[in-house]
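In: Sharing a model prediction with you, sequence too.
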Amino acid sequence: MFRYYLKLGALSIRKNPILSALMVAAIATGIGACMTIINIDYVMSGNPIPHRSDVLYHVQLDSWDPYEAYRDPDQPPDQTTYIDSTALLEAAKARRQVVSYRSGRVIEPQGEDQLPMQVSSRSTSADFFAMFDTPFLYGGGWDKASDDRREYVVVLSKAINEQLFGGENSVGRDIIMNGDPYRVSGVLDDWEPIPRYYDVSNGAFDEIEEVFFPFSVSIALELSSSGNTSCWKMPEEGGQQAFLNSECIWMQVWVELHGESEVREYQAFLDAYAESQKELGRFPRPLNNRLKNVMEWMEDQEVVEEDVQVLLGLAVLFLIVCLLNTIGLLLAKIMRRSGDISLRRALGASRRAVFSQYIVEAGLIGLAGGVFGIALTWLGLQGIKILYGELEFVGRIVGMDWIIILAAIGLAIVSALGAALYPTWRACGIHPASQLKTL
Amino acid sequence: MELGPIWRALLRNKTSYSLIALQIAVTMAIMVNAIGIIQERSALMARSSGVDEDNLFYVNSIGFSPDLEFQALVAEDLEALRNFPGVRNAVMTNTVPLQGGGWSQGVQVEPGEEFEATSVAIYFVDEHGIDTFGVNLIAGRNFTPTEITWYDPEGDVRWPPQGIISQAMAAELFPDLDPEEVVGKVTYIDDATPVTIIGITERMQAAWKSWSGVERSMLVPFKRGENFARYVIRTKPGYRDEVIPQIEQMLAESNKGRIIRHTRTMTEVRKRSYLEDSAMVKLLVFIVSLLTAITSLGIVGLASFSVARRTKQIGIRRALGATQLAILRYFMLENFLVSSVGVLAGAMLAVALNIWMVQTFELTRVAWYLIPAAMLVLWIVGQLAVYGPARRASMVSPAVATRAV
């Protein structure tokens, strides 16, 4: 019967091409608008590291101004001071701990034909690569001993390795940054965490840095952060040492903890650490130290732009308007066929049979709407890319994956069936005899 | 008027008409709120940054060679830039308005940790700062060359003792005083370091366009930096685009121990800064137009259907003496009634949606007049949409009445 209804549905769609086209267009437009925004929201709020997001915790210590919270209501700072970052690193109370900050370097030419290149760099500690499970093309990260000995080692991104070494295995070779030679210890494979969760304070949708090297080296080189630095009071005096000892926040600390008990223990350790600092006259605010896992941290930092959320709300309403439109048109179509329905009912068709027939037809329209909707979603995303083109990260959030395509088709069919329910129900209610008289 | 009969006829086919009314209502809710956001964003984009945007650009000099004599290099660069043909003035500073990155500092009118400070955007400049940015000094004076100091990490001067603040900052610190009276006042940076206000600018925005204190800025007679210098250059009108490549080349060639990067004109800075807002405006305009089109198609569809279904009745009315105009008026009035229900519900829905949006997001309330305006627009759209089918209805021949009754 189902195949017969499919045939009937296709026939009926062809019989009323304009009305059918209008319905398909309404569903497709609604789906297109809705899915475009849902796609962006989905990518922006995606989990950048699904297999480890619940064991990676971002550390917040409230070392801020006694008279004013870092952010209302009573939020601790979103970065950490040098003193606290290094203290947590040395205490090594978690399975793994990483401190890092964004910096910038200039790679000097090797040969005559190359120009000096400005690169973005991340000064970090040994566990970075294991903790964030970075993929390596060649070699690997450095170890804690290299951090302690302040070794000049570097991990290159795949792209910068292409530029410098033509994509060859460069492990063991040297590059010169700001006058100093660094040994390449590893080359990353493609790695594009979206959002770039390990440092959302400095561009949640930026690309990863081009080079990574030990933060102990960059501190020794007095290299300051190229990201955000906030201070609630100025360093006691000028110079690097005073800045390191100051209450300025500019580093990010992540720890790896498995299970609730480890989280609780680490929280206790943080609070004890804050208490010990209070005795030294620091941490003037009440205890307010927080551990947030990856997704909690993304939510806390409001990684998804507010505009996207506003648009999402409007897009859902937009879909509702399109569906109301479809319900109206379907109703019109079915009412126009009251005669047919009466005849079928008079010849013995059950209500269920009439219902099945029209639901199948509506499903077909939904499917067509979904397919066109996907095309419109793709167009919509291209439009977004053109509109926001100058923001580099937008190219990274307009990709479409198969989940979105399936979701679009699913949403279209569910919408069409939902829209069809009422008109179909009305069709079932048509009496066998009522319309026959006028035939 | 035949409002009564029309209304009773409507009630016999409630569902179809309430669907259209509901569609109009939701359309109106979206329309009002979208236009509210459009107005808000457009107002943001229309604000002036206070600087001479058409003729400004900046270049970054990033030193990498360990033998770079930074302070000497800056002095040479500024000298060369200021004498460059087509250039009016140049200054080394940390950022430009709307650029997105900058330095902010708390300033208070009384010394002591316990007093609350007002954050202000800091621009480090020398005595050429005012002229280079092209801001207006409305009270007080500019810095003198002797007041300009280089920041020395080992030295005693942690912060220069003079500052020039924007009018908005003056009003924030001293709400009761005129700009002239603020000149000479002493304020405190970092709880205790005194800074005397020597001048007031009419307007100079901060680097962060979404910051609530975007109008608060302070010029500070300081030169800071170790390897990195950002030069802001003001050209004579019309020379900007011509001068940029020449200056990049001149700077790059004058010293090989640094690279010149990230040149950006103030026009680009503004465009980039407000890119999301202008894109949002375009998106919302698109959404509202599309939505209006879909709703009017819905009206056309339903009206055509109802005309087709009532062909016989129309024929009977015509045969009984109704004029074409009466038929046309019937359908126009019918649509007017449906639209009225729709826009009244829409007004309530729009207000509800707005209340929700204001509570959930950082939006402001929409202007009240948008609601009657949207009602009017949707009434007109409805009448235009129904005109086609209504006209077709008025063409129905009275002879139809005689067939197949």
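Out: Thanks, I have the structure now. Numbers count the residues shown, from 1 in each chain, chains lettered A, B, ... in the order given.

In: CA atoms for contacts and neighbours, from now on please.
Out: Will do.

In: Which of the residues in the helix or strand harbouring B:Thr27 are classified as buried?
Out: B:Thr27 is part of helix B:14-46 when elements are defined by DSSP states H and E. Of the residues in helix B:14-46, those buried by neighbour count under the rule 16 or more other C-alpha atoms under 10 Å in any protein chain shown are B:15-38, B:40-41, B:45.

In: before we move on, what about stretch B:260-272?
Out: Neighbour-count burial for stretch B:260-272 flags B:Ile260, B:Arg261, B:Thr263, B:Arg264, B:Thr265, B:Met266, B:Val269, B:Arg270, B:Lys271, B:Arg272 (criterion: 16+ other C-alpha under 10 Å).

In: Give me the contacts around it.
Out: Contacts to stretch B:260-272, defined as C-alpha atoms under 8 Å, 6 or more residues apart in numbering or on different chains, come from residues A:390-391, B:53-62, B:98-99, B:248, B:251-252.

In: who does the helix holding B:Thr27 touch, helix- and strand-wise?
Out: Packing contacts for helix B:14-46, counted by 3 or more C-alpha pairs under 8 Å, 6 or more residues apart in numbering or on different chains; DSSP states H and E, involve helix A:306-336, helix B:275-309, helix B:324-360, helix B:370-394.

In: how far out from the middle of the chain is the third one?
Out: In this view, helix B:324-360 has its centroid 30 Å away from the chain centroid, taken as C-alpha atoms, centre = their mean, to the nearest Å.

In: From the contact counts, what lies against it?
Out: Here helix B:324-360 is seen to pack against helix B:3-11, helix B:14-46, helix B:370-394 when contacts are counted using 3+ C-alpha pairs under 8 Å, 6+ apart.

In: Direction-wise, compare that helix with helix B:370-394 and give the angle.
Out: Relative orientation of helix B:324-360 and helix B:370-394, computed by axes from the mean of the first three to the mean of the last three C-alpha atoms, to 10 degrees: 150 degrees.

In: Can you give the domain ranges for the chain?
Out: All of this refers to chain A. Per automatic domain parsing, the domain ranges recorded for chain A read A:2-45+A:305-438, A:56-300.

In: if you could check chain B rather than the one you did, that'd help
Out: Here the domain parsing of chain B from automatic domain parsing is B:3-46+B:275-402, B:53-272.

In: So the nearest residue to B:Glu2 once chain neighbours are set aside versus A:Met335, what's the distance?
Out: Taking C-alpha to C-alpha, 6 or more residues apart in numbering or on different chains, and ignoring the residues beside it in sequence, B:Glu2 has B:Tyr330 as its nearest neighbour in space, at 7.6 Å. B:Tyr330 sits 22 Å away from A:Met335 when distances are taken as C-alpha to C-alpha, to the nearest Å.

In: Relative to the whole chain's centre, how far out is the strand or helix carrying A:Ile219?
Out: When elements are defined using DSSP H and E, A:Ile219 is found to belong to helix A:215-220. Here helix A:215-220 is found 31 Å from its chain centre; the criterion is C-alpha atoms, centre = their mean.

In: ok, now stretch B:243-255?
Out: 34 Å.

In: and that stretch with chain A, contact?
Out: No - contact of stretch B:243-255 with chain A (C-alpha under 8 Å from any C-alpha of the partner chain) is absent, the minimum separation being 11.5 Å.

In: Need the three-state assignment for B:Thr364.
Out: Following DSSP: H, G, I helix; E, B strand; the rest coil, B:Thr364 is assigned to coil.

In: List the contacts of A:Leu8.
Out: A:Gln357, A:Glu361.

In: where's the residue in the stretch 101-250 of chain A positioned nearest to chain B relative to B:Glu154, distance?
Out: Minimum separation of the stretch 101-250 of chain A from chain B (C-alpha to the nearest C-alpha) falls at A:Gly238, amounting to 4.1 Å. Plainly put, A:Gly238 is 6 Å away from B:Glu154 if you go by C-alpha to C-alpha.

In: Which strands and helices lie in contact with the longest helix along chain A?
Out: Of all segments of type helix in chain A, defined using DSSP state H, the longest is helix A:351-387. Helices and strands touching helix A:351-387, by 3+ C-alpha pairs under 8 Å, 6+ apart, are helix A:2-15, helix A:17-44, helix A:338-346, helix A:402-428.

In: Going by neighbour count, list what's buried in the last one.
Out: Looking back up the chat, that one is helix A:402-428. With the criterion 16+ other C-alpha under 10 Å, helix A:402-428 contains buried residues A:404-405, A:407-409, A:411-425, A:427-428.

In: and what of the longest one?
Out: For helix A:17-44, a neighbour-count test (16+ other C-alpha under 10 Å) marks A:19-44 as buried.

In: hmm, it touching chain B?
Out: Yes - in this structure, helix A:17-44 sits against chain B according to C-alpha under 8 Å from any C-alpha; the contacting residues are A:Leu19, A:Ala26.

In: what's the following helix or strand after that helix?
Out: Downstream of helix A:17-44, the next assigned helix or strand under DSSP H and E is strand A:56-60.

In: okay, A:Asn161: pLDDT?
Out: At A:Asn161, the predicted lDDT confidence score is 92.

In: Pull the helix or strand bottoming out on mean pLDDT in chain A out as CSV, backbone CA atoms only.
Out: One helix or strand of chain A scores below all others by mean pLDDT, DSSP states H and E: helix A:394-397, with a mean of 70. Taking C-alpha atoms only, helix A:394-397 is exported to CSV below (Å, rounded to 0.1, in the frame of the first residue of the first chain):
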residue,chain,number,x,y,z
VAL,A,394,34.4,32.5,9.9
GLY,A,395,35.8,30.2,7.2
ARG,A,396,36.3,27.7,10.0
ILE,A,397,32.7,27.8,11.3
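
In: So, low pLDDT: which residues of the chain?
Out: Went with chain A since none was named. When residues are selected by pLDDT under 70, those of chain A lie in A:111-113, A:390-393, A:396, A:434-439.

In: wait, chain B
Out: Counting by pLDDT under 70, chain B has low-confidence residues at B:1, B:404-405.

In: Output the residue of it whose distance to chain A is smallest.
Out: Ranked by C-alpha to the nearest C-alpha, the top residue of chain B for proximity to chain A is B:Pro153, at 4.1 Å.

In: ok, now which ones touch the closest residue to that residue other than its chain neighbours?
Out: Nearest in space to B:Pro153, with sequence neighbours left out and distances taken as C-alpha to C-alpha, 6+ apart, is A:Gly238 at 4.1 Å. By C-alpha under 8 Å, 6+ apart, the residues touching A:Gly238 are B:Asp152, B:Pro153, B:Glu154, B:Gly155, B:Arg158.
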